[in-house]
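J.: after the sequence you'll find the predicted model.
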2 protein chains.
Amino acid sequence: MKTFSEVKNNATDESRFSVVYRITCDNKTKVEEIAKDITFEQTVEVPADCIPEHVLKSGIIGNVESITPSKIINKYDVAISYRCAITDYAIPQLLNVIFGNISLKNNIKVIGLDFPGSYLDQFQGPKNGIDIVRQKTGAQNRPLACTALKPMGLSVLELSAMAGAFAKGGVDLIKDDHGISNQPFHPFKERVSKCQEAVNRETARTGKNTIYCPMVSGRFDEIEEQVAFAASAGVHGILIAPMLVGCDTVRYISEKYDMVVIGHPSLTGTFFNDPDHGMAPSVLLGTIFRLLGVDINVFPNFGGRFSFTMQECIEIACALKDPLGNIKSAFPCPAGGMSFDRIPNIAQDYGVDTVILIGGSLMQHGNDIAESTKLFMNKIKEQFRQAVTD
Amino acid sequence: MKTFSEVKNNATDESRFSVVYRITCDNKTKVEEIAKDITFEQTVEVPADCIPEHVLKSGIIGNVESITPSKIINKYDVAISYRCAITDYAIPQLLNVIFGNISLKNNIKVIGLDFPGSYLDQFQGPKNGIDIVRQKTGAQNRPLACTALKPMGLSVLELSAMAGAFAKGGVDLIKDDHGISNQPFHPFKERVSKCQEAVNRETARTGKNTIYCPMVSGRFDEIEEQVAFAASAGVHGILIAPMLVGCDTVRYISEKYDMVVIGHPSLTGTFFNDPDHGMAPSVLLGTIFRLLGVDINVFPNFGGRFSFTMQECIEIACALKDPLGNIKSAFPCPAGGMSFDRIPNIAQDYGVDTVILIGGSLMQHGNDIAESTKLFMNKIKEQFRQAVTD
């Protein structure tokens, strides 16, 4: 990854990246107008007659590369290219160019992003990626298992006892519930220290490496201190929600700290719920979050408490894992009301490179959390022994 | 505003705030279920049988305060209260409690927020507010006038000449186009220094105070440096887009720096476009952005290039200006394709405490930008002389 000054030295690069917008419109001619509007709205944002010749010639205005009728009636896939340099090689302005102002319009859905390798090289992406997370947890040839510390409001003693029990059960990853932050009844530093200590006590006995990932959602001026504190307390992972703390905050932390980063989709939902406007889940929770540096990304699996379709979920997983320049692959983590019964399906739908998150239903399974966790682990291992044998 | 440690000392406070969700549903009984689901989803996020007695009694789970059929068929206004302490008195977790996970559901629209005064006292809100922005610009008894430096891609020389011309014309506020960031062809520091110098040269002659507000959209680890640099270059305002750089970033900067803060709605659009799901524009662009500390908030006016209704726009303006504990009022700034002809209407719709932003159409008005700006100023002054006389 290049430092900022190197990027600036590279600024003569005229290369372009493309965004594919699916535009809903009942009139082909009008689609051309809308496409042209987007090229101005997302860049120069003035009428053409206000633009000096040298700006017109600079390639700064977006360029409509193609308009293709999609298989769905009245929907057209419009590829628009932008000059890479206008994004400032930075996440906030990249988001602004892709969808900033036109988010305030209608019937425009971002369904794809296509970056040249030289552009992707400006970003680290996942520091660990699938391979190093496997090394760190020692989990090979099977999906990883993740559990969640909850509910908010337990005492630090209760939360740390639960963390210990999960570790005793041999789980790969433990995350905080994403609503557990720095509340006065379980303040961040005390809670994180105690939970990590409890995990350490158990892993010293089991020999299994369980990574505890506390939620970091502190203020702008606290969040780095939280991560640094966690690192000093022996923590090797974090849970973080880009839309709560700012997308570039995640990019910064994932670059600077050696943490397994689990991304959380809190507050992203309005990008997805209108099929005609926003971003496809695979774009935001797949490509963009991966660019920010998540090693594992949580999303609501189909058939749980939320409303993604199977296709949307599989597309997220592909966007996290498929080749993307030199950017490492990240684990999909389908979640949101998953139960033991779903493990075979999840394994089948997403394949071996998946993190299976079981939260509430693990707690419902029995009073002995360590035993329930062992059962969870065995279910996964058994499933994948079968898969290897089949 | 309290410091973080004071907040923690105040943590025994059991006070609650309320969110009003408009739920779309064709069945009253089902609305009750959905409301109860929200109270769990946004807090403990586990089934009831996993929650220990002491958590149940702690008031941590949301509480359905009322369910009222709205005037619109199949829509119910559901007020749910949450214990203030679960928000950690911090913006990221506040957003998470209000709408984090349920953003991923459907048919839930946040239409109102109701905070106790003690909670609002944890936030500074606008540092200047309407009164101090008026003092700083010397503009009394009329709407303020704002123009925009654009398009992206002009040279620093061209941008600074334009800034000078706007100042010569006597405008109150000049903002960067929000897409102008730190691109290699007009890097932040050089551009901001030169534009401020050009403004200073003119205001030294006119005696009029024009505030230049550069866009700050730098990376997590650059943005504070950008603001501090701007301050050192004599800049007295900034333009900032909370959803691009992170909401709490804006809160932090507005608290720490003595800047007139103009908020920009880039990337917020998906909260609004589905009438049944998301947030009302007045909630996000009104109450929440005001809590973050914007002194002036830009939003797309009805009848321009975007799709807000007149009612939505007026509600944003009210949410920015109406009483909100000890939080100061902020200026609404209707924008997005406004022209000279619209000035009388804008003045009439929003009243005297408004910032009128004319961008591209000022540039279209004539070749002499200073003259066009004077005309813009005169239009506003004339309108309000009439209003005072009427």
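T.: On my side now, so go ahead. Numbering: from 1, shown residues only, chains lettered A, B, ... in the order given.
J.: do a quick rundown of the strands in the stretch 151-300 of chain A.
T.: A:173-176, A:211-213, A:237-240, A:260-263, A:278-279, A:296-300 (DSSP state E, counting those that start in this stretch).
J.: which one of those strands lies nearest to A:Ile98?
T.: Proximity to A:Ile98 (Cβ to Cβ) singles out strand A:278-279 among those, at 8.3 Å. Every C-beta, even on glycine, is put in place using the N, C-alpha and C of the backbone.
J.: next secondary structure element downstream of that closest one?
T.: Following strand A:278-279 in sequence order, the next helix or strand is helix A:281 (DSSP states H and E).
J.: looking at chain A, which helix or strand is least sure?
T.: When each helix and strand of chain A is scored by mean pLDDT, DSSP states H and E, helix A:4-9 comes last, with a mean of 41.
J.: so A:Thr373 is in which element?
T.: Going by DSSP H and E, A:Thr373 is in helix A:369-389.
J.: so what touches that helix?
T.: Outside helix A:369-389, the residues that touch it by Cβ atoms under 8 Å, 6 or more residues apart in numbering or on different chains are A:141-143, A:145, A:147, A:162, A:165-166, A:168-171, A:340, A:343-344, A:347, A:352, A:356, A:358, A:362-363, A:365-366.
J.: the helix or strand encompassing A:Cys318 - contacts with which helices or strands?
T.: A:Cys318 is located in helix A:310-321, with elements delineated by DSSP H and E. Secondary-structure packing of helix A:310-321 (3 or more Cβ pairs under 8 Å, 6 or more residues apart in numbering or on different chains; DSSP states H and E): helix A:281, helix A:289-292, strand A:296-300, strand A:331-335, helix A:343-350.
J.: which among these is found nearest to B:Glu222?
T.: Of the helices and strands packed on helix A:310-321, nearest to B:Glu222 by Cβ to Cβ is helix A:289-292, at 16.0 Å.
J.: how far does the helix holding A:Thr373 sit from the chain's center?
T.: 26 Å (Cα atoms, centre = their mean, to the nearest Å).
J.: and stretch A:358-366, by the same measure?
T.: 24 Å.
J.: that stretch: which residues count as buried?
T.: A:Ile358, A:Gly359, A:Gly360, A:Ser361, A:Leu362, A:Met363, A:His365 (16 or more other Cβ atoms under 10 Å in any protein chain shown).
J.: ok, now stretch A:62-79?
T.: Buried-residue list, stretch A:62-79, by 16+ other Cβ under 10 Å: A:Gly62, A:Asn63, A:Val64, A:Ile67, A:Lys75, A:Tyr76, A:Asp77, A:Val78, A:Ala79.
J.: and A:Ser81, which of the three is it?
T.: At A:Ser81, secondary structure determined by DSSP: H, G, I helix; E, B strand; the rest coil is strand.
J.: distance of A:Asp114 relative to A:Ile86?
T.: From A:Asp114 over to A:Ile86 the distance is 16 Å, taken as Cβ to Cβ, to the nearest Å.
J.: neighbour count: these two, which is higher?
T.: A:Ile86 (29 against 14; other Cβ atoms under 10 Å in any protein chain shown).
J.: and what about A:Val110, helix, strand or coil?
T.: strand.
J.: now do A:Ile73
T.: Using three-state DSSP, the structure places A:Ile73 in coil.
J.: how far away is it from chain B?
T.: The spacing between A:Ile73 and chain B, counted by Cβ to the nearest Cβ, to the nearest Å, is 21 Å.
J.: flag every residue of the stretch 201-350 of chain A that's near chain B.
T.: A:217-222, A:241, A:243-249, A:251-252, A:265-274, A:277-279, A:300, A:305-308, A:336 (Cβ under 8 Å from any Cβ of the partner chain).
J.: list only buried entries from those.
T.: Here, 16+ other Cβ under 10 Å leaves A:217-220, A:222, A:241, A:243-249, A:251-252, A:265-274, A:277-279, A:300, A:305-308, A:336 buried among those.
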